[in-house]
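*Asks:* Quick one: sequence and predicted model below, then my questions.
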Amino acid sequence: MQNISSFDTISVIGLGYIGLPTAAMFASRRKKVIGVDVNRHAVETINRGQIHFVEPELDMIVHSVVSEGYLRAVTKPEPADAFLIAVPTPFKGDHEPDLAYVKAAAESVAPVLKKGDLVILESTSPVGTTEQMVQWMAAMRPDLAFPSGAAGRADINVAYCPERVLPGRVVHELIENGRVIGGLTPHCAQRAAELYRTFVQGDLLVTDARTAEMCKLTENSFRDVNIAFANELSTICHQLGIDVWRLIELANRHPRVKILQPGAGVGGHCIAVDPWFVVDSAPEQARLVRTAREVNDAKPGWVIQRVKEAIAKAARARHATEADLTIAVLGLAFKPNIDDLRESPALHIAESLTRSVHSRVVVVEPNVTQVPPGLAGSELLLLDDALQRCDVVVALVAHREFSDLASSLQPHHVLVDAVGLHR
C-alpha cells in the first residue's frame with residue numbers, strides 16, 4: 001500500500017482563500033506543490049513570493065516556500081500524485097447550485113491523471129457532487145477505472161474533504177482543526193487521510209463522500225440558523241424599543257443560553273451560500289433552513305431602511321436637505337478584520353445607499369486600498385476624516401479599528417449601529 005511519502009507532487013486547483021493556504025501548508029512540509037489558477041494575476045503574484053489577499057502569516061509562508069522552490073503557480077494542471085480542487089461553488093438563478101467551476105477543474109485535471117493518483121474535492125458542494133465529478137473525469141478518461149462506491153480498488157482514488165477554517169486564522173486552523181474525509185470507497189478515504197496527515201494535527205474523521213458533503217452543509221446551516229435568531233431578535237427589539245445588545249447580555253447569563261450577536265446580515269463564501277444547497281436538495285423538508293436564509297438575507301434591507309430614517313432625522317436637525325448630508329459607512333468586508341468582500345452584506349448596503357439616497361457616501365474600510373467597482377465615486381477615508389465630515393454614521397463591520405467608536409462620535413452624529421459598537 002502507498003503511504004504519504006508516495007505523494008511526492010501535490011497539485012492544488014484554485015489558489016484563492018482556501019487553495020493557496022492549503023498549497024502553502026503542503027509546501028512548508030517540503031512537498032513539491034503545483035498551484036493552478038486561471039487568474040494570471042494571482043499566478044504571477046504567487047510566483048513572486050507574494051499573496052493576492054489578506055491573511056495573517058500566509059504572506060511569510062508563501063514567500064518562504066516559493067523562494068525555496070517548493071511552490072510554484074501555473075495556469076494549467078500538470079502531472080502530480082494528488083490533486084486537490086478548491087474552486088468556488090456559487091449559486092445561480094433561484095439559489096440553484098452552480099457547479100461550473102468544479103466541472104471545469106475536474107475536466108482540466110482529467111488529461112494528466114495516471115494510475116494511482118488521488119483526487120480530492122474541497123469545495124463546499126451539494127450532496128452528490130463528488131460522484132458527479134467522477135462522471136466528468138471518467139467521460140474524458142475511459143482508459144482509467146474510477147471508484148463507483150464498491151469496496152474494490154480503482155485506478156484513481158477520489159474523496160471529498162471540506163475546509164473548516166475561519167478567515168483571519170486560516171493558517172492555524174488548517175493545521176489544528178479536525179477534518180471530515182469522505183471517500184468514494186474506504187480505500188479512497190484512507191489514501192486521502194494519509195495525504196492530509198502530512199500537516200494536519202487535528203483528528204481525521206473518515207466517512208463516505210455523501211455524508212462528508214452533508215456534514216459541511218450542516219455545519220454552516222447550523223450557524224446560519226443561530227445567526228438568524230439573533231438578527232430577528234434585533235428587529236423585534238427595535239420595534240419594541242429595547243436595547244438588543246443589553247438584552248442578549250442578560251439572556252446569556254442563563255447557563256444554557258448562548259445567543260450570538262446580531263449583524264448587518266450574513267456574508268462570505270460559506271454561510272450565505274451553503275444552506276441554499278440543502279434547500280435545493282430537499283426543498284420540502286428544509287423549512288427551518290430556508291427561513292433562516294430568508295431572515296438573514298432580509299437583514300441588509302432592514303438596515304438600509306434604518307439608515308434612511310437616520311438621514312431624515314439628521315436633515316431635520318440641521319434644517320438641511322438630504323443632498324446636503326454625508327453618510328460614513330464603516331466597513332465593507334463580510335466579517336471583522338479581513339479584506340474579503342464576498343457576499344458581504346455591508347458592501348451590499350453601501351452600494352444600495354449610493355443608488356437610493358441623495359446624500360454623499362464615504363467609506364471607511366481599513367483592509368482595502370480602493371473602493372470596489374460598485375462604489376465608484378465614493379471616497380475611501382480614514383476613520384477620523386470620515387467622522388469629521390459626516391452627519392450619519394453607519395457601523396456595519398466590527399473591525400478592530402472601530403472599537404473606540406463611541407468616544408469618537410460627535411453630538412451632531414446620527415448613528416446606525418448594526419454590530420453593537422456603541423455599547
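*Replies:* Arrived safely, thanks for sending. Just so it is clear, the model here is predicted, and its values are computed rather than measured.
*Asks:* and the helix or strand hosting Arg246, what does it pack onto?
*Replies:* In the assignment (DSSP states H and E), Arg246 maps to helix 244-251. Other helices and strands packing on helix 244-251, by 3 or more CB pairs under 8 Å, 6 or more residues apart in numbering; DSSP states H and E, are helix 209-240. Where you see a C-beta, it was placed from the backbone N, CA and C, and this is true even at glycine.
*Asks:* Contacts for the helix holding Arg246, please.
*Replies:* Applying CB atoms under 8 Å, 6 or more residues apart in numbering, the external contacts of helix 244-251 come out as Ala230, Leu233, Ser234, Cys237, His238, Val257, Ile259, Gln261, Pro262, Gly420, Arg423.
*Asks:* Confirm for me that the third one is in contact with Leu260.
*Replies:* No: under the criterion of CB atoms under 8 Å, Ser234 makes no contact with Leu260, lying 10.7 Å away.
*Asks:* who touches Phe83 in this structure?
*Replies:* Applying CB under 8 Å, 6+ apart, the residues near Phe83 are Ile10, Ser11, Val12, Ile13, Pro77, Val109, Leu113, Asp117, Leu118, Val119, Ile120.
*Asks:* Kindly recompute the last result at 6 Å.
*Replies:* Applying CB atoms under 6 Å, 6 or more residues apart in numbering, we find Phe83 in contact with Ser11, Val109, Val119.
*Asks:* Spell out the secondary structure type for it.
*Replies:* Classification of Phe83 using DSSP: H, G, I helix; E, B strand; the rest coil returns strand.
*Asks:* can you pull the pLDDT of it?
*Replies:* Looking at Phe83, its pLDDT stands at 98.
*Asks:* Ok, Gln2 next?
*Replies:* For Gln2, the model assigns a pLDDT of 40.
*Asks:* and what of Gly377?
*Replies:* For Gly377, the predicted pLDDT is 87.
*Asks:* sorry, back to before: from the contacts of helix 244-251, which shows the smallest pLDDT?
*Replies:* Here the lowest pLDDT out of these sits on Arg423, with 68.
*Asks:* still on that earlier bit, check which element follows the helix holding Arg246 along the chain.
*Replies:* Next along the chain from helix 244-251, counting by DSSP H and E, comes helix 274-281.
*Asks:* Next, the angle helix 209-240 makes with that following helix.
*Replies:* Here the directions of helix 274-281 and helix 209-240 differ by 110 degrees (axes from the mean of the first three to the mean of the last three CA atoms, to 10 degrees).
*Asks:* Just the C-alpha atoms of helix 274-281, please, in CSV.
*Replies:* C-alpha atoms of helix 274-281 as CSV (Å, rounded to 0.1, in the frame of the first residue of the first chain):
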residue,chain,number,x,y,z
ASP,A,274,-24.3,26.7,1.6
PRO,A,275,-27.7,26.4,3.3
TRP,A,276,-29.3,27.0,-0.1
PHE,A,277,-27.6,23.8,-1.3
VAL,A,278,-29.6,22.0,1.4
VAL,A,279,-32.8,23.7,0.4
ASP,A,280,-32.2,22.8,-3.2
SER,A,281,-31.6,19.1,-2.4
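*Asks:* Residues touching that helix, excluding its own?
*Replies:* Contacts for helix 274-281 (CB under 6 Å, 6+ apart): 91, 95, 97, 124, 126-127, 217, 220-221, 224, 286, 289-290, 293.
*Asks:* got the contact list for the helix or strand of the chain with the lowest mean pLDDT?
*Replies:* Least confident element among the helices and strands of the chain, by mean pLDDT, DSSP states H and E: strand 91-92 (a mean of 88). With CB under 6 Å, 6+ apart as the test, strand 91-92 has contacts from Pro97, Asp98, Trp276.
*Asks:* Kindly supply the ChimeraX command isolating those of those that are buried.
*Replies:* Buried members of the contacts of strand 91-92 can be picked out in ChimeraX with the line below, counting by 16 or more other CB atoms under 10 Å:
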select :97,276
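*Asks:* For His63, state which of the contacts of Phe83 is nearest.
*Replies:* The shortest approach to His63 among the contacts of Phe83 belongs to Ser11, at 20.7 Å (CB to CB).
*Asks:* Could you look up the SS state of the residue nearest to that closest one when sequence neighbours are not counted?
*Replies:* Nearest in space to Ser11, with sequence neighbours left out and distances taken as CB to CB, 6 or more residues apart in numbering, is Ala80 at 3.8 Å. Using three-state DSSP, the structure places Ala80 in coil.
*Asks:* Thanks again, I'm all set now.
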